[in-house]
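Show me how the following folds:
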Amino acid sequence: MSFEKKFLLIISLLLFVINIYVISEYTILENRILRLVSVFLYFLLFIYFKGYRNKAILYVFICFLFSGCFLLFYETPIYNKLTSLFSITGYLILLVFGLKKIQLKKVNKLLIAFFVIIISLNFFFLDQLIRFITYKLHDDLQQIILYFYGIILVLSCVFAGHYNFTTNTTKAMYFMYFVFGFALSDFFAVLAYYFNINLLYVPATSFYFFAFFFIIRYAIHDYKEEEQVLLNP
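Numbering: from 1, shown residues only. Presented below is the predicted three-dimensional model:
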């Protein structure tokens, strides 16, 4: 196991344990503050391991940092929307990146049918979920933003899965892992917040750190590939 992987794993486990303790012993505000601090620590590791060479992931990190800042004031309508909009921007970057990786020659009809079914089911569950929490939303604009948020998340997961299935490389696998990790984290976080189930913050946090572990691994892998190309032109 490489130094970067060991160090990232240790930091991720430590942050996970600390976050779980805060979730169980403190209020949601302390949880959000620690979450933001955790993202910033991951960002520092991302910079230290030269992951910033991957510009797309750098922009995603910046979006998530801004989103984490606004999350501290999530109950305020304007900050509520800004939290979602910055997260959406980050996922849009990942979605565009995933679209670029699609190899049309490798897309068969069976795979297309499978993804159409998955997308349809996810859109149905998304609609049902938002209908359940509509009465807790600030206004219609927030509802529209959440629909758009969910659609972008679903599409990001679909294209990340397609990228991995058709490419079958370590890099593609890392990409799929962190996209799915962020999506599942957001899903459980929404359930925990709007249905007031504090226990669901545990899987939300688990998937969140899982995603950050692999997004940095992905960026490092990308950086090392560039180094090998330069050394072996």
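
Report the central residue of this protein.
The centroid of the chain falls nearest to residue 182 when counting by Cα atoms, centre = their mean (2.5 Å).

Looking at that one now. What's its pLDDT?
Looking at residue 182, its pLDDT reads 95.

how near is it to residue 161?
Counting by Cβ to Cβ, to the nearest Å, the gap from residue 182 to residue 161 is 14 Å. Glycine gets a C-beta too; all of them are placed from N, C-alpha and C.

Out of the helices and strands in this protein, which is least certain?
Ranked by mean pLDDT, DSSP states H and E, the helix or strand of the chain with the weakest confidence is helix 201-231, at a mean of 77.

The residue nearest to the centre of the chain: which element?
helix 170-194 (DSSP states H and E).

Please compute how far that helix lies from its chain's middle.
Centre-to-centre, helix 170-194 and its host chain are 5 Å apart (Cα atoms, centre = their mean, to the nearest Å).

got it, and stretch 146-165?
So, by Cα atoms, centre = their mean, the centroid of stretch 146-165 is 11 Å from its chain's centroid.

Check stretch 210-218 too.
The answer for stretch 210-218 is 10 Å, by Cα atoms, centre = their mean.

and what of stretch 141-148?
18 Å.

and residue 142, how many neighbours?
Taking other Cβ atoms under 10 Å as the neighbour definition, residue 142 ends up with a count of 17.

tell me the angle the host helix or strand of it makes with helix 170-194.
If you go by DSSP H and E, residue 142 is part of helix 140-167. Using axes from the mean of the first three to the mean of the last three Cα atoms, to 10 degrees, one finds that helix 140-167 and helix 170-194 are set 150 degrees apart in direction.

for helix 140-167, packing partners?
Secondary-structure packing of helix 140-167 (3 or more Cβ pairs under 8 Å, 6 or more residues apart in numbering; DSSP states H and E): helix 77-100, helix 109-133, helix 170-194.

Taking helix 140-167 as reference, get the angle to the first one.
What it means is helix 77-100. Using the same axes, to 10 degrees: helix 77-100 against helix 140-167 is 20 degrees.

Helix 77-100: which residues count as buried?
Buried residues in helix 77-100, counted by 16 or more other Cβ atoms under 10 Å: 80-95, 97-98.
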